[in-house]
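**Q** return atomic coordinates for the entry below.
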Amino acid sequence: MQEIINLINEMSPYLLLGFGIAGLMHTFVPNRLYSRYLSGRNFRSVLYAAALGVPLPLCSCGVLPTAMSLRREGASKGATTSFLIATPQTGVDSIMATYSLMGLPFAVIRPVAALVTALLGGTLVNAFDRGGEQEAHAPAQESERHLTLKEKVVGALRYGYVDMMQDIGKWLIIGLLVAGLITVAVPDGFFAAFAHRPLLGMLLVLACAVPMYLCATGSIPIAVALMLKGMTPGAALVLLMAGPAVNVASILVIRKVLGGRTLWLYLAAIVGGAIAFALGVDYLLPREWFTESLTAITASCHTHTPWFNILCTAVLLVLLAGALVRRFVRKTAHEECECGGSCHAEACECGGACHEEDPVAQEVKSQERVYIVTGMHCNHCRNSVMRAVGSLPGVEAVEVDLQSGRMTVSGTAEPGEVVQAIDALGFGGELV
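**A** Numbering: from 1, shown residues only. Next up, the predicted model:
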């Protein structure tokens with residue numbers, strides 16, 4: 001527990017700052033910016049996709065529907081692959097957390113490695129996988145309500161400190177717990193046996209990290225704990241790169257939507273780029289660059305923790321607890337709200353008043369169908385499904401429950417079109 005507390009105290013100020021910046025990016029940067037320049041099958045579209053993906057705070061599962069949406073709106077295979085590689089490896093929140101625990105060299109190398117591997121993967125796909133390309137088309141114009149500055153700021157805070165906490169909070173806690181268990185259970189110097197055979201250690205890390213789901217921020221305390229047990233900085237970088245970018249879910253979705261050849265090029269770019277950067281870190285850069293921060297963390301066990309860090313830790317824990325309770329406690333009310341959401345204690349999700357539905361109006365109301373959507377893990381997944389289905393002709397309202405996977409669609413849309421829209425995102429859909 002002491003090790004976990006030390007890690008949280010080091011990370012909390014930077015995590016809070018990173019979540020805030022992520023909220024501002026989400027609210028103030030138009031969504032259409034991410035698809036406008038990605039349609040060409042050239043290096044420029046690959047570069048734009050990588051540059052846009054590096055700072056985006058999307059988790060390893062949330063990037064999948066986002067990338068598939070870009071593909072549906074006309075992004076090329078190369079640009080989509082570049083976005084898929086760059087985005088889950090980093091984000092403004094994980095860069096801040098990396099700096100806090102692992103120092104400036106890791107905080108610089110990590111996004112640079114993500115950018116380079118994304119460029120490599122997108123270029124390979126453009127060169128060797130020309131099949132299945134679609135004609136680029138202008139994205140449909142959606143009617144968006146103009147938000148005031150106050151509403152945008154409130155939306156940024158909600159996204160950064162509520163939605164993102166819900167999406168990665170569980171994985172951050174798991175990462176901290178795993179780091180604490182490694183610190184206690186793994187003998188000191190366990191990975192020192194790989195010091196003279198770093199490539200073997202990197203391959204071992206790859207074998208463990210590739211199938212697992214690791215979030216970019218949650219992987220940081222695990223990497224720190226393994227380095228404290230003797231793992232080389234290069235092997236730790238492999239964990240930070242391959243862990244968030246590759247998992248079973250991403251492999252299945254990419255194979256389904258983009259094809260087998262794109263999948264193999266995607267894996268080759270990530271694995272090859274991770275190994276290349278890791279060997280460069282271990283053989284070309286001074287080891288002291290990457291161990292100074294670990295020495296500071298070890299020394300913090302015997303020094304007084306600043307009150308500011310303690311305050312940030314308390315705020316972070318309160319936000320995490322609130323987000324996790326909000327996500328995993330099922331809502332039990334079923335009344336209809338004026339905005340189409342659910343009523344809770346006579347208050348609507350949108351702040352309006354609850355009302356009883358008129359029985360006569362209910363008879364002439366459009367048909368409601370219930371679907372089961374599989375593969376959703378975060379709010380980004382849920383929002384992507386709602387946007388894709390909501391844009392179909394004849395759809396009047398869409399409600400998706402993330403925990404149960406139940407989606408209620410009101411309107412006259414054909415079930416086959418709804419299921420097809422879900423499948424295009426890489427999820428599974430079935431009419432109940």
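
**Q** going forward, measure contacts and count neighbours with C-alpha atoms only.
**A** OK.

**Q** low-confidence ranges, the stretch 201-350 of the chain, go.
**A** For the stretch 201-350 of the chain, the stretches with pLDDT under 70 are 295-305, 327-350.

**Q** mind listing the helices for it?
**A** Assigned by DSSP state H, counting those that start in this stretch, the stretch 201-350 of the chain shows helices spanning 219-228, 233-245, 248-257, 260-284, 288-299, 307-328.

**Q** can you tell me which of those helices is nearest to residue 148?
**A** Across the helices of the stretch 201-350 of the chain, the minimum distance to residue 148, taken as C-alpha to C-alpha, is reached by helix 307-328, at 25.4 Å.

**Q** check which helices and strands the closest one is in contact with.
**A** helix 2-28, helix 164-185 (3 or more C-alpha pairs under 8 Å, 6 or more residues apart in numbering; DSSP states H and E).

**Q** residues contacting the shortest one, please?
**A** Residues from elsewhere that reach helix 164-185 (C-alpha atoms under 8 Å, 6 or more residues apart in numbering): 1, 3-4, 7, 19, 59, 214-215, 217-226, 228-229, 319-320, 323-324, 326-327, 377-379.

**Q** which of the residues you listed are buried?
**A** Among the contacts of helix 164-185, those classed as buried by 16 or more other C-alpha atoms under 10 Å are 3-4, 7, 19, 59, 214-215, 217-226, 228-229, 319-320, 323-324, 327, 377-379.

**Q** so residue 397 belongs to a strand, correct?
**A** Yes - looking at residue 397 with DSSP: H, G, I helix; E, B strand; the rest coil, it is inside a strand.

**Q** contacts only, for it.
**A** 340, 390, 409-411.

**Q** distance of it from residue 15?
**A** Noted for residue 397: a distance of 36 Å to residue 15, by C-alpha to C-alpha, to the nearest Å.

**Q** ok, which of the helices and strands packed on helix 307-328 comes nearest residue 103?
**A** Of these, nearest to residue 103 by C-alpha to C-alpha is helix 2-28, at 11.2 Å.

**Q** next, the angle from the closest one to helix 164-185.
**A** For helix 2-28 against helix 164-185, the angle by axes from the mean of the first three to the mean of the last three C-alpha atoms, to 10 degrees is 160 degrees.

**Q** list the buried residues in the longest helix anywhere in the chain.
**A** Counting residues, the longest helix found in the chain (DSSP state H) is helix 92-128. By neighbour count on 16+ other C-alpha under 10 Å, the buried set for helix 92-128 is 92-104, 106-107, 110-126.

**Q** coming back round to it: list buried residues within the contacts of residue 397.
**A** Buried among the contacts of residue 397 by 16+ other C-alpha under 10 Å: 390, 409-411.

**Q** just those: which are in helices?
**A** Per DSSP H, the buried ones among the contacts of residue 397 map to helices at residue 390.

**Q** can you tell me the closest non-neighbouring residue to residue 240?
**A** Leaving aside its chain neighbours, residue 240 sits nearest to residue 219 (6.2 Å; criterion: C-alpha to C-alpha, 6 or more residues apart in numbering).

**Q** just put the helices and strands packed on helix 307-328 in TSV and tack on distance to residue 66 and mean pLDDT.
**A** Putting the helices and strands packed on helix 307-328 into TSV (distance: least, C-alpha to C-alpha, whole Å; pLDDT from 0 to 100) gives the following:
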stretch	distance to residue 66	mean pLDDT
helix 2-28	13	77
helix 164-185	14	74
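
**Q** export stretch 147-157 as PDB, just CAs?
**A** The C-alpha coordinates for stretch 147-157 follow below in PDB (Å, rounded to 0.1, in the frame of the first residue of the first chain):
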ATOM      1  CA  LEU A 147     -22.700  26.500 -27.000                       C
ATOM      2  CA  THR A 148     -21.800  29.500 -24.900                       C
ATOM      3  CA  LEU A 149     -18.300  29.800 -23.400                       C
ATOM      4  CA  LYS A 150     -19.700  28.800 -20.000                       C
ATOM      5  CA  GLU A 151     -21.400  25.700 -21.400                       C
ATOM      6  CA  LYS A 152     -18.100  24.700 -23.200                       C
ATOM      7  CA  VAL A 153     -16.100  25.100 -20.000                       C
ATOM      8  CA  VAL A 154     -18.700  23.000 -18.000                       C
ATOM      9  CA  GLY A 155     -18.600  20.400 -20.800                       C
ATOM     10  CA  ALA A 156     -14.800  20.300 -20.700                       C
ATOM     11  CA  LEU A 157     -14.800  19.800 -16.900                       C
END
